[in-house]
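J.: Sequence isn't available, so here's the structure alone:
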């Protein structure tokens, strides 16, 4: 059995107090509690403070490029269906530059988890507005206040067919670990948005801000519309598993007996060659 | 008897021009001829002039030809658009109110015969108005005395599901065409000689590339539809699931490469296919594959650029993008098949190189090569053997005895043993950030220097089996023509023609490995010669590449064409002659 120590990778360089520490610990704890070994996982991360999680959690990791953790992660699962795959990144990575992939992953339903560390700001580039920043939010690039309105992540995945949609808060580790565990065990695309305060650059969306405002959803809603209505009613300030649906995942639907790993050194398969060349004769 | 025939069908898109052309081409193939084709088409589904050109020869040929012996006009535009290509004595078949045989003269001075007839009415009289193209095919077959049994065989294949009646009316239409030929235009064209049927494949460059990839063990392709690369995805969509693989049409070009990189990282031989606009979008992820040392094969079937450019036209203008595209400096290998036959082997070798050098391999094609079919001798399945490079097993990984496996171990040849995620003794980190041997982020300068050297030096010696084709054309030459991709056959024929005319003898280099350029091998072949590149772009990108590697600045030129059409032998020959006279 793996222990938390086995899941420890490189030394984190996040600011003290950053919400990402809790999320990293939450992923580690979930893997250990579920009884998995580090080699069974691949964590695929994007770019930003959050992107470093693939190095800090000692599983297989792939630190990719900005906004592309989700397509790479889906490819990883296609290449080896036996791996447990987690994509992770921040709100800029997933809801800004990578938003398109998120919508398509939601409707595609490949068996993987997408954990977003949502701090409502661009941290690593030192404090610019993010697609999750509130209207009126003042940053270096929105000195007069943000004139746009934020992306609604859980409504997006809900509306686009994700089969597991949840939201958590880095300040509530117990609930978060439970949600991550359920997301990992869910067969299909699971989206977990986690509020993760940026203690250095975001003076609005702080731990206290969330503690005062978040409402816990104890049980997933029966249908998407109810979940969507609640999210809207509470301006997205909810935590818990909002929706969960059992549906065959993408790979199951293909009905293919995957044989992708057996390519070994040697001559081409001659029988296969002769079978295939016939169509061109 | 004649040893070759050049045939073209033209009409409006959606009128069956493609299927008529392909049927005649296949008939010639089954008769034993070597066939090269070229399809002209526009970026729309219905309407607009399109044509399908065929050159059939007794011996292997790589060019669809400059001229036309038989022109089948399904619309009014076909004749005026192609009249200048008619060969002396050509026959033009066209729709008209009544049967009429007339003599015509083209602006080029050649005389030809027009055979006008009410195709649609004759077909209707036979009970199947849709069979008018079959009558025209019957006429074509009749003119060169092709046995109708071959056409009948195809009719049975094509219309098998539609029942006896449809089959019979189509067969009758073919027969009617042959009869009309005998009656009205007998002996207009010399019949084709009989040749022995050999084991040939009739295949496009896209199909050969896809076939080679599958045979090399590729089991995953993710891509976004784009002309002229879609057939790679379409063919593999049919074939990969049969062997346990998958094709995914994903949301965009960036996803196309990212999914494939992910699948390759987890151990599957994976690829993406695209054209210029897609390659532009993929270049950041291309850099990721280079930096993170994940093998990946990217097929780039070029079309007319820039931007949306000429989506259905031919061009070779992505050379620099394929070699240099992406920020920073990465290891990569860029290949470009000279013929459809080579496309099969190059695709297979691309997967080996990607694994051996753990880097992206770009397989260049161009529309001329990718979308047009040609007969080629069947491929040799033993020529390229699968080699997965330094991929290691869990047992081998165990011997390293590391808690966190060093994915980027510094080695003599710069290539690190590569485990796969999922192996119990090889938990490792892959990264697109600058990293140390363990894969962890590092901004240390010594480490940076070591890692840059590792990555960029490791591909220096990469070499495919045939990095270029060379033909000295049997003797001394002052001039060497250098090309890439689908110009192979045209350059070959140009040289032959110039030689026969006594103009000049030229040697021919056709480069198949553009990066790293095999300059040591090329140097002795161009030393002291006048280097003339023949390429379909404005800037002479191939010339620039050669000039970068060899001191040829004072003795080199480019013959370029960038109007969307492929070269003809006559245009290349004319320009070579001009270059020679200009020098003298």
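T.: Yep, it's here. Everything numeric in this text was worked out from a predicted model, so none of it was measured. Numbers count the residues shown, from 1 in each chain, chains lettered A, B, ... in the order given.
J.: how far away is whichever residue of the stretch 51-200 of chain A sits closest to chain B from residue B:544?
T.: Of all residues in the stretch 51-200 of chain A, residue A:75 sits closest to chain B, at 2.4 Å by CB to the nearest CB. In this view, the C-beta of every residue, glycine as well, is placed from N, C-alpha and C. Using CB to CB, to the nearest Å, one gets 35 Å for the distance from residue A:75 to residue B:544.
J.: Show the backbone phi and psi for residue A:63.
T.: With angles defined as degrees, to the nearest 10, residue A:63 sits at phi -90, psi 100.
J.: tell me the contacts of the nearest residue to it once chain neighbours are set aside?
T.: Leaving aside its sequence neighbours, residue A:63 sits nearest to residue B:431 (CB to CB, 6 or more residues apart in numbering or on different chains; 4.2 Å). Counting by CB atoms under 8 Å, 6 or more residues apart in numbering or on different chains, residue B:431 touches A:54, A:55, A:61, A:62, A:63, B:291, B:292, B:439, B:440, B:441.
J.: okay, those residues in CSV with pLDDT and neighbour count next?
T.: Below are the contacts of residue B:431 laid out as CSV (pLDDT from 0 to 100; neighbours: other CB atoms under 10 Å in any protein chain shown):
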residue, pLDDT, neighbour count
A:54, 97, 30
A:55, 97, 25
A:61, 98, 32
A:62, 98, 29
A:63, 98, 26
B:291, 98, 23
B:292, 98, 27
B:439, 98, 27
B:440, 98, 20
B:441, 97, 17
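J.: out of the residues you listed, who's nearest residue A:259?
T.: Set against residue A:259, the nearest of these by CB to CB is residue A:62 (23.2 Å).
J.: which secondary structure elements does the helix or strand where the closest one lies contact?
T.: Using DSSP states H and E, residue A:62 sits within strand A:60-63. Contacts defined by 3 or more CB pairs under 8 Å, 6 or more residues apart in numbering or on different chains; DSSP states H and E place strand A:60-63 against strand A:41-45, helix A:53-56, strand B:429-431.
J.: where along the stretch 151-281 of chain A do the strands fall?
T.: For the stretch 151-281 of chain A, applying DSSP state E, counting those that start in this stretch gives strands covering A:164-169, A:189-195, A:215-216, A:238-244.
J.: what helices or strands is the second one leaning on?
T.: Yep, that's strand A:189-195 we're talking about. Applying 3+ CB pairs under 8 Å, 6+ apart, we find strand A:189-195 packed against helix A:19-33, helix A:99-108, strand A:112-118, helix A:153-159, strand A:164-169, helix A:173-185.
J.: so which of these is the most packed in?
T.: Stretch with highest mean neighbour count among the helices and strands packed on strand A:189-195: strand A:112-118 (a mean of 29; mean count of other CB atoms under 10 Å in any protein chain shown).
J.: Let me know the average pLDDT across that strand.
T.: The average pLDDT within strand A:112-118 is 98.
J.: that older thread, residue A:75 and residue B:544: who's more crowded?
T.: Using other CB atoms under 10 Å in any protein chain shown as the criterion, residue A:75 and residue B:544 rank with residue A:75 on top: 33 against 14.
J.: Look up the closest residue to that one, ignoring the ones flanking it.
T.: Spatially, and ignoring its direct neighbours in sequence, residue A:75 is nearest to residue B:262 (2.4 Å; CB to CB, 6+ apart).
J.: contacting residues for that neighbour?
T.: Contacts for residue B:262 (CB under 8 Å, 6+ apart) come out as A:44, A:62, A:71, A:72, A:73, A:74, A:75, A:76, A:77, A:78, A:79.
J.: Count the residues that sit near the residue nearest to the second one when sequence neighbours are not counted.
T.: Okay, so that is residue A:62. Leaving aside its sequence neighbours, residue A:62 sits nearest to residue B:430 (CB to CB, 6+ apart; 4.4 Å). Residue B:430 has 26 neighbours, counted by other CB under 10 Å.
J.: Hmm, residue B:430 is touching residue B:294, no?
T.: Yes. Assessed by CB atoms under 8 Å, residue B:430 is found in contact with residue B:294 at 6.7 Å.
J.: Give the residues shared as contacts by the two.
T.: Counting by CB under 8 Å, 6+ apart, the residues touching both residue B:430 and residue B:294 are residue B:265.
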